[in-house]
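> mind folding the following:
(2 chains)
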Amino acid sequence: MIEIDDLHKRYGDKVALDGVTFSVRPGEMFGFVGANGAGKTTTMRILMGVLTADSGSVRRDGKGLTFDDRRRFGYMPEERGLYQKMRVFEQVEYFGRLSGLTTAGAKKATGELLERLSLTERANDAVDALSLGNQQRVQLAVALVHDPEALILDEPFSGLDPLAVDALAAVLAERCAAGVPVLFSSHQLDLVERLCDSVGIISAGRVVASGTVEELRDREGRGLLRVVVRDASPGWAASLPGEVTEKGDEVLVAGVDGDGQEILQLAVKAGRVEHFGWQRPTLTEIFREAVA
Amino acid sequence: MNGLWLVARREIVTRGRTKAFVIGLVVSAILVAALAFLPKLFSGPDSYTVGLTGAQSQALGPALSAAAKDVRLTVREFPDEASASGAVTAGDVDAAVVDGRRVLADGEVGGELGLLLETANQSAQTQRQLSEAGLDPAKVAAAMRVAPLEQVSVGADARYAGVRVGIASLLVMVLFFLLIYSSMYVAMGVVEEKGSRIVEILLTSVRPWQLLGGKIAGLGALALANMVVIIVAGLGAAAATGLAADLPPGMTGIVVSALFWFILGYAFFAAMAAALGSLVSRQEDANSVLTPMTMLMMITYLVAYFAAVQPNSPVARILSLVPPFSSMVMPVRMAGGEVLLWEIAVAAVLMLLATAGTLMLGARIYSRAVLRTGARVKLSEAMR
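Below you'll find the predicted structure:
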């Protein structure tokens, strides 16, 4: 388990991190979301040891992360970095060797990974001859080549076409299934909702909400009822307790206390109840609410 | 150590494969080899044909043959002045002597041939006038024969002074060229990695000193290979042209010391280049941030150039001990003249210390600055 505990970081007068705390379990895909400048990249850079925190710690299974731990992590920084003039195969192999693979092991892993990412035909091309999407795949290959024990990916999906997104998602899911903790940041909330087991929302240097996607939706959904009543007399909902929004037959009631049974009874009296239930917000709605 | 080796190997493979490196290698070797051929190109032809006509000219034949020691001389006789003149115009002979008085030539007879004709004429006339005065030329010649003064140098061995200055000047150029271009590559490589943020990934797998050391070692190995190629090309060409016979003794020592001092100088300047390069994130900013290094290199170059011409002047002697000037001045002095052993020892120890210090300071600045992307990092901030 990777634990990020009470990280603080300031740049001059600007507070970048103000007590960031969360954890990623083995085999868990953790989506890290937040507005620009909220502190995602700073957190990930501290996690990878590229930046030092003013205070707080990053641990794995209770022990502080060392250089050797991180060497076996896979990391994709926010701003992509590759040697533009170096050939694709050699580059991926080189990073594999740097992370401790043998020559033979690095060659084998590189070959398999390029195959997996549909880059085999470009293996001997220089990186700068590749499209941006393909460069992104090479970047991912660099992060994955040494079969990392944890994956820390900063915006891995940005700039990818839908097919590449699926390919990357499949690779990440596979690593997760193998018990690797995967932490990635993204602005594509629908993607995070679809892929991730857990989500952390960061705003102004603090994690304002975190947990599994289901937990978050349940928690944030509490208090918002969606009721659909057919053939009801107009205006039946006006007297309901709470903040009411009417859209045709659909009524949304926000700020409901208790279990809402009284509202159900009123609805049944008003007409034919077709739908009655707590409205679970999408991640996007939770996010807007959380960072507001 | 493994990380350092991997980084160095990448530098060697990727850089050594570029067109720029291969072209630089070939061109520098050709240039130095061409310099060895240069004396031959400017020395003119080494064989002449001289025509003789008229009775008075006949005596010149043996005198010419006696005077021509280093060149091959062919003498052709002509029945009259007209035919001799025709042969000169046609280019069959380089010059023709008429009646032992006049020289016919297409233009001016100069240089070696002029001197040759003058000498032969003088000795032929002297002989004739001595016989006319009733003296035996053989006896006079015996009486006139004197032993030439033997030169003994009580100071430095001055016999090869000219060649030594030539070698030393060449060495200055080669050292400067290799030092500046390989240090520049170190700086450019550092900026490339910092600017593209590859360094973030690299530094999660290797330590800063491994990354820095590997880069310096790898590019240094290439520069050293270039240096060896230049030396081999130069000495090979010297052997081919026969120039090698004129080279001073102890060439092996000169070559070994040049390589030794090159390694020290390179390590010093490369560490400086890496530290300065790590302060900026864009190639456009690299030149200005490197100015202190290029200035220091230029000064070293000028001082070394001066030392090549005046190897025993006080300035050259003092600066050959002071790092980093010693890295170029000392090998140049050693090529250009005699250097005392203690001077070499002191210079080597001081330069080794300075290089070790620069490497340590450079690594410190580098590891602090290389991850701080964005605006240029102040040197004072990186050192704190």
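
> with adjacent residues omitted, what lies nearest to the residue of the stretch 201-350 of chain B found nearest chain A?
Nearest residue of the stretch 201-350 of chain B to chain A: residue B:205, at 4.1 Å (Cβ to the nearest Cβ). For the C-beta atoms, the positions are set from N, CA and C on the backbone; glycine is no exception. Excluding the flanking residues, the one nearest residue B:205 by Cβ to Cβ, 6 or more residues apart in numbering or on different chains is residue A:98, at 4.1 Å.

> is the one you found in contact with residue B:203, as I believe?
No - in this structure, residue A:98 is not within contact of residue B:203 by Cβ atoms under 8 Å, at 10.2 Å.

> which of the two has more neighbours?
A side-by-side neighbour count of residue A:98 and residue B:203, using other Cβ atoms under 10 Å in any protein chain shown, places residue A:98 first with 25 against 22.

> who are the contact partners of the more buried one?
When contacts are counted by Cβ atoms under 8 Å, 6 or more residues apart in numbering or on different chains, residue A:98 touches B:3, B:6, B:7, B:202, B:205, B:206.

> from those residues, which ones fall inside helices?
Within the contacts of residue A:98, residues falling in helices by DSSP state H are B:3, B:6, B:7, B:202.

> nearest to chain A, of those?
Closest to chain A, out of all of those and judged by Cβ to the nearest Cβ, is residue B:6, at 5.3 Å.

> can you get me the centre-to-centre distance for the helix or strand bottoming out on mean pLDDT in chain A and its chain?
Comparing every helix and strand of chain A by mean pLDDT, DSSP states H and E singles out helix A:213-221 as the least confident one, with a mean of 78. The chain centre lies 16 Å from the centre of helix A:213-221; the measure is Cα atoms, centre = their mean, to the nearest Å.

> and for stretch B:292-305?
18 Å.

> any idea how far the residue sitting furthest away from the middle of chain B lies from chain A?
Taking Cα atoms, centre = their mean, the residue of chain B most remote from its mean C-alpha position is residue B:134, at 57.3 Å. Computed as Cβ to the nearest Cβ, to the nearest Å, the residue B:134 to chain A distance reads 90 Å.

> can you say which helix or strand has that residue in it?
Under the criterion DSSP states H and E, no helix or strand holds residue B:134.

> kindly report the same for residue A:89.
Assigning secondary structure by DSSP H and E places residue A:89 in helix A:88-98.

> what about the helix or strand just after that helix, near chain B?
Using DSSP H and E, the next helix or strand after helix A:88-98 towards the C-terminus is helix A:103-116. No - using Cβ under 8 Å from any Cβ of the partner chain, helix A:103-116 stays clear of chain B, with a minimum separation of 10.1 Å.

> could you give the angle of the next helix or strand after helix A:103-116 to helix A:88-98?
Past helix A:103-116, further along toward the C-terminus, the next helix or strand under DSSP H and E is helix A:132-144. Here helix A:132-144 points in a direction 20 degrees away from that of helix A:88-98 (axes from the mean of the first three to the mean of the last three Cα atoms, to 10 degrees).

> and residue A:30, which of the three is it?
Assigned with DSSP: H, G, I helix; E, B strand; the rest coil, residue A:30 falls in the strand class.

> export the contacts of residue A:98 to CSV and tack on pLDDT, distance to residue B:366 and neighbour count?
Below are these laid out as CSV (pLDDT from 0 to 100; distance: Cβ to Cβ, whole Å; neighbours: other Cβ atoms under 10 Å in any protein chain shown):
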residue, pLDDT, distance to residue B:366, neighbour count
B:3, 87, 15, 21
B:6, 93, 18, 20
B:7, 94, 13, 23
B:202, 91, 12, 21
B:205, 90, 17, 23
B:206, 90, 13, 22
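
> what's the next helix or strand after the least confident helix or strand of chain A packed up against?
Next along the chain after helix A:213-221, taking DSSP H and E as the criterion, comes strand A:224-230. In terms of contacts (3 or more Cβ pairs under 8 Å, 6 or more residues apart in numbering or on different chains; DSSP states H and E), strand A:224-230 is packed against strand A:250-254, helix A:261-270, strand A:272-278.

> what helix or strand is the residue of the stretch 1-150 of chain A found nearest chain B on?
Per Cβ to the nearest Cβ, residue A:81 is where the stretch 1-150 of chain A lies closest to chain B, at 3.6 Å. Under the criterion DSSP H and E, no helix or strand holds residue A:81.

> quick one: it and residue B:204 touch, right?
No - Residue A:81 lies out of contact with residue B:204 (Cβ under 8 Å); the separation is 11.5 Å.

> what is the burial count for residue 71?
You didn't say which chain, so I picked chain A. Per other Cβ under 10 Å, the neighbour tally for residue A:71 reads 19.

> not what I meant, chain B
Residues near residue B:71, counting by other Cβ under 10 Å: 14.

> equivalent analysis for residue A:206, please.
16.

> within the helices and strands, which one has the closest residue to it other than its chain neighbours?
Closest residue to residue A:206 in three dimensions, ignoring its sequence neighbours and counting by Cβ to Cβ, 6+ apart: residue A:18, at 5.2 Å. Per DSSP H and E: residue A:18 is located in strand A:14-24.

> and that strand, what does it pack against?
Using 3+ Cβ pairs under 8 Å, 6+ apart: strand A:14-24 touches strand A:2-11, helix A:40-47, strand A:55-60, strand A:198-203, strand A:206-212.

> where among the ones you listed is the average confidence lowest?
Per-stretch mean pLDDT for these is lowest at strand A:206-212 (a mean of 88).

> that one pairs with which strands?
strand A:198-203 (antiparallel) (DSSP bridges).

> contacting residues around the strand it pairs with?
By Cβ under 8 Å, 6+ apart, strand A:198-203 touches A:20, A:22, A:24, A:28-35, A:38-40, A:43, A:192-193, A:207-213, A:216, A:283, A:286-287, A:290-291.

> ok, longest helix in chain A?
If each helix of chain A is counted by residues according to DSSP H, the longest one is helix A:162-177.

> how about the next helix or strand along the chain from that one, does it get close to chain B?
Next along the chain after helix A:162-177, taking DSSP H and E as the criterion, comes strand A:182-185. No - residues of strand A:182-185 contacting chain B under Cβ under 8 Å from any Cβ: none, with a closest distance of 14.3 Å.

> what mean pLDDT does strand A:182-185 have?
Across strand A:182-185, pLDDT averages out at 94.

> residue B:230: helix or strand, and which one exactly?
Counting by DSSP H and E, residue B:230 is found in helix B:208-241.

> helices or strands up against the helix or strand just after that helix?
Note on helix B:208-241: by DSSP H and E, the next helix or strand toward the C-terminus is helix B:251-277. Packing partners of helix B:251-277 (3+ Cβ pairs under 8 Å, 6+ apart): helix B:161-195, helix B:208-241, helix B:283-289, helix B:291-309, helix B:326-336, helix B:341-369.

> close to chain B: what parts of chain A are there?
Residues of chain A lying near chain B (Cβ under 8 Å from any Cβ): A:45, A:48-51, A:67, A:70-71, A:73, A:75-77, A:79-86, A:90, A:94-95, A:97-100, A:142-143.

> going along the chain, name the strands of the stretch 1-150 of chain B.
B:47-53, B:72-77, B:95-98, B:102-104 (DSSP state E, counting those that start in this stretch).

> could you redo these as TSV and give each row distance to residue A:240?
What follows is the strands of the stretch 1-150 of chain B, written out as TSV (distance: least, Cβ to Cβ, whole Å):
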stretch	distance to residue A:240
strand B:47-53	121
strand B:72-77	124
strand B:95-98	128
strand B:102-104	131
